[in-house]
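Student: Build the 3D model from these lines:
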Amino acid sequence: MSVAWLFPGQGSQSVGMGKDVLTTSKAARDAFERADAALGEPLSKLILEGPEERLTLTANAQPAIVAMSCALLAAIRERMPDLPLPAFAAGHSLGEYSALVAADALSLEDAVRLVRARGHAMQEAVPPGTGAMSAVMGVEPQRLESLCAKAADGEVVSPANFNAPGQIVVAGHAAAVARIGELVLAEKGARAIPLKVSAPFHCALMAPAARVVETELGRISMSTPRFPIVANFDARPNSDPSRAKDLLVRQVDSPVRWEDTIRRMVSEGVTRALEIGPGKVLAGLVKRITKDLRVLSVSDGAALDQIASFLAEAG
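Tutor: Numbering: from 1, shown residues only. Sure thing, here's the model as predicted:
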């Protein structure tokens, strides 16, 4: 049996996430304390008590999700000290930082500081109201890229997340994203759903944020990961710490290739995966991508109790 660890990205956060795990796991509480100390503020209080409008701010949501994912992994390892390392790990966008922490390539402290800076930079890269994102359903990737070229009209609009078959998110200037919505209406069985986001992530408009991330990454050291991380940028496994930094920079203004990431791991023999972090978004996407990979979402104490039997079923 080959197992992967998957880590969620922005949008999976919720007030009170992981509360039951933090109540029962000292290792999880220790992870939160480390994140609080690294940021110099009580991020854990915001996660557990809200308010929601502050938690959903990009600069707060990003470190909150990394801290929560790492706390859950700490709780898993506390419960199962002999837990085997995965064959691969991957994270959706922001989740790539959690994956690198899990692989001991990046410290939790550096990770939360990096994503706090990343969140600020992504928010500030584009003036409010200038950018937008939309989820496009029922359009093939090549056709959607053609529609983006037609809708651009001198502005930026491009695929930002290749999430699953028939589900691709586009990002760019608000007017160009709106034009994509109009063009999609003419496609049989297709639709576009505007997303409530604070900035147009993973497109060329994020280039200024990529430069900030590059500068911040230059200030930290990264170790060789204990297992390969399948990167968002190219959907290829990577174990080179210097390349890991470059991949984190390039993912900021490039599309997330999640469907290719999952297919790559399956092609390498992965049959089981743990989604470690808040929510069940990634498990839902995997179901749309392949029937050959089963996922257990571990976001609470009840799921912690299921891990051993889930892994043993295929063992």
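Student: Next, the buried residues of the helix or strand encompassing residue 275.
Tutor: Element membership of residue 275, judged by DSSP states H and E, is strand 270-276. Across strand 270-276, burial judged by 16 or more other CB atoms under 10 Å covers 270, 272-276. From N, CA and C alone the C-beta is placed, and that goes for glycine too.
Student: how close does residue 62 sit to residue 246?
Tutor: Using CB to CB, to the nearest Å, one obtains 20 Å as the distance from residue 62 to residue 246.
Student: Of these two, give the one with the bigger neighbour count.
Tutor: Comparing residue 62 with residue 246 by neighbour count (other CB atoms under 10 Å), the higher total belongs to residue 62, at 27 against 15.
Student: Stretch 197-210: which residues count as buried?
Tutor: Buried residues in stretch 197-210 (16+ other CB under 10 Å): 197-203, 205-206, 209-210.
Student: Using PDB, write out every CA atom in that stretch.
Tutor: Extracted C-alpha coordinates of stretch 197-210, given in PDB (Å, rounded to 0.1, in the frame of the first residue of the first chain):
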ATOM      1  CA  VAL A 197     -12.500  36.200  -2.800                       C
ATOM      2  CA  SER A 198     -10.400  39.100  -1.800                       C
ATOM      3  CA  ALA A 199      -7.900  39.000  -4.700                       C
ATOM      4  CA  PRO A 200      -7.400  37.200  -8.100                       C
ATOM      5  CA  PHE A 201      -5.000  34.400  -6.900                       C
ATOM      6  CA  HIS A 202      -2.700  32.400  -9.100                       C
ATOM      7  CA  CYS A 203      -2.600  34.600 -12.200                       C
ATOM      8  CA  ALA A 204      -0.200  37.200 -13.700                       C
ATOM      9  CA  LEU A 205      -1.700  39.900 -11.500                       C
ATOM     10  CA  MET A 206       0.000  38.200  -8.500                       C
ATOM     11  CA  ALA A 207       3.600  38.900  -9.900                       C
ATOM     12  CA  PRO A 208       4.300  41.600  -7.200                       C
ATOM     13  CA  ALA A 209       3.300  39.100  -4.500                       C
ATOM     14  CA  ALA A 210       5.600  36.400  -6.000                       C
END
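Student: So what touches that stretch?
Tutor: With contact meaning CB atoms under 8 Å, 6 or more residues apart in numbering, stretch 197-210 is reached by 10, 57-58, 93, 118, 121-126, 128, 130-133, 156-158, 160-161, 171-173, 177, 249-256.
Student: and the top helix by length along the chain with strand 270-276, angle?
Tutor: Longest helix in the chain, counting residues (DSSP state H): helix 58-79. Relative orientation of helix 58-79 versus strand 270-276 (axes from the mean of the first three to the mean of the last three CA atoms, to 10 degrees): 120 degrees.
Student: So for the helix or strand that helix 58-79 is followed by, mean pLDDT?
Tutor: As assigned by DSSP H and E, the chain's next helix or strand after helix 58-79 is strand 88-91. Average pLDDT, strand 88-91: 98.
Student: same deal with stretch 11-25?
Tutor: On average, stretch 11-25 scores 92.
Student: what do you get for stretch 133-148?
Tutor: pLDDT averaged over stretch 133-148 gives 96.
Student: Only the buried residues of that stretch, if you could.
Tutor: By 16+ other CB under 10 Å, the buried positions in stretch 133-148 come out as 133-136, 138-139, 144, 147-148.
Student: can you check stretch 64-83 too?
Tutor: For stretch 64-83, a neighbour-count test (16+ other CB under 10 Å) marks 64-76, 78-79, 83 as buried.
Student: Next: stretch 110-126.
Tutor: Buried, per 16+ other CB under 10 Å, within stretch 110-126: 110-123, 125-126.
Student: Could you check how far residue 22 is from residue 80?
Tutor: Distance from residue 22 to residue 80, counting by CB to CB: 18 Å.
Student: want to try CSV for the buried residues of stretch 197-210, with pLDDT, distance to residue 260 and secondary structure as columns?
Tutor: As requested, those are exported to CSV (pLDDT from 0 to 100; distance: CB to CB, whole Å; DSSP: H, G, I helix; E, B strand; the rest coil):
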residue, pLDDT, distance to residue 260, secondary structure
197, 86, 23, coil
198, 85, 27, coil
199, 91, 24, coil
200, 96, 22, coil
201, 97, 18, coil
202, 98, 14, coil
203, 98, 18, coil
205, 98, 23, helix
206, 98, 20, helix
209, 98, 23, helix
210, 98, 21, helix
